[in-house]
Every structure is written in structure tokens, then in C-alpha cells.
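> pasting the structure only:
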């Protein structure tokens, strides 16, 4: 459109004669065509924006569904750990070590699910934060399993501090996801609740 109108204007300038009004008529005709082309460009841009918005909505919806499932699994793990921690009073080395190893194996699947969320999407920074939080908690849980000793609360406390930190990271993901949803006009039907901090266990 710009090239058309520029060319018409140059032609009018170069061929201008005061006694030939048809030159202006030709210019005006080309200018109207250029305006039509500009309107077509605006319409095409609107359609592109609508298509991209639709894609973002689908991606955010898929991310939210997966995040909701991951949140439920993570919360269930935290609840089971806290329940076991509160009930554990015998401090037998073999029993505790075996149970902690079981928790490690179970949380590896949570970490794998979080890592799987890393992909190119408008929620990629949130996926990275979630994956980093899961890996951080897994590393701390493995350290608890490997360093635990009877009547030594330091290892427990170190892991449970990490639980609180990763709970905060998950809450930030929930807030960030809601912000993205508002930006793209998405209604999160299955909106995962923000994780609540683990209840203090005995001896924390």
C-alpha cells in the first residue's frame, strides 16, 4: 500500500500539468486502492492476533491441567511425609532409612512430572520455576535419607526448611499462571489451589 501510494504521488509530481485533471483522478484512484490494502492489512493482523491468542489459551489450559495434577501429587506426597514424620517415634535406623528411600523414589516421579513441563510456551518461566523447586526438594530429601542419624534433628530440619521454600515457589507459579491467564483472556476452569505450607512435624 505504501509503495502504491508513493508511486502514484511520484507519477503525479513528474507528469503534472495544470491543464490535465486526469492526473489527479489517477492519483486519487491509486490512493483509494492503497487505503483498501491498508484496511486488509489491519484485518489480517487482527486475525493473526486472534489465532495467536487462541493458541496461547490452549497452551495455558494444557499447562494448567498438568499443573493441577502435579499439585495434587505433590500435596499428597507432602501430607504423607508429614503424617509419617509425626507418627515416627521409634527412630530405628533400618526402618527410617527404608521409609526415607521410599519417599525419595516416590518424589522422583513428582520431579519427573515437573521437569516434563519445561517447554516453549508462554508459561515457560513458570515451568522452569516449578522444575527447579522440585529438583531442589528432591536433592534435599536425598540428603536427609543419606545423612539421617538417630536423635539428630538437624537433617530433618534442613529438609523441612526446603519444603517450606519449595511451597513458596509453587505458590509463585500459581500466581504467575493466573496473571498469564488474565493477560490472554483465559478462564482457568481447573484452577489448582496454591499449595499451603506443610504442617510442622514433631521435632521441627
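Great, that's in hand. Note that this is a predicted model, so its numbers are computed, not measured.

> the longest helix along the chain packs against which elements?
Secondary structure of the chain per DSSP state H: the longest helix is helix 22-87. Secondary-structure packing of helix 22-87 (3 or more C-beta pairs under 8 Å, 6 or more residues apart in numbering; DSSP states H and E): helix 2-15, helix 93-116, helix 124-147, helix 154-184. (C-beta placed from N, C-alpha, C; glycine too.)

> specify the angle between that helix and helix 93-116 in degrees.
With axes from the mean of the first three to the mean of the last three C-alpha atoms, to 10 degrees applied, the angle from helix 22-87 to helix 93-116 works out at 170 degrees.

> how far does helix 22-87 sit from the chain's center?
Put simply, helix 22-87 sits 13 Å off its chain's centre (C-alpha atoms, centre = their mean, to the nearest Å).

> tilt between the helix or strand bottoming out on mean pLDDT in the chain and helix 2-15?
One helix or strand of the chain scores below all others by mean pLDDT, DSSP states H and E: helix 22-87, with a mean of 85. Interaxial angle, helix 22-87 versus helix 2-15 (the same axes, to 10 degrees): 160 degrees.

> quick check, central residue of this structure?
Central residue check for the chain by C-alpha atoms, centre = their mean: the C-alpha nearest the mean position is that of residue 123, 2.7 Å away.

> the closest residue to that one other than its chain neighbours: neighbour count?
Sequence neighbours aside, residue 63 is the residue nearest to residue 123 in space, at 4.5 Å (criterion: C-beta to C-beta, 6 or more residues apart in numbering). Neighbourhood size, residue 63 [other C-beta atoms under 10 Å]: 24.

> list the contacts for residue 63?
Applying C-beta atoms under 8 Å, 6 or more residues apart in numbering to residue 63 gives the contacts 117, 121, 123, 126-127, 177.

> quick one: which of those residues has the most company?
residue 123 (25 neighbours).

> OK, contacts around it?
Applying C-beta under 8 Å, 6+ apart, the residues near residue 123 are 59-60, 63, 117, 176-177, 180.

> lovely, talk soon.
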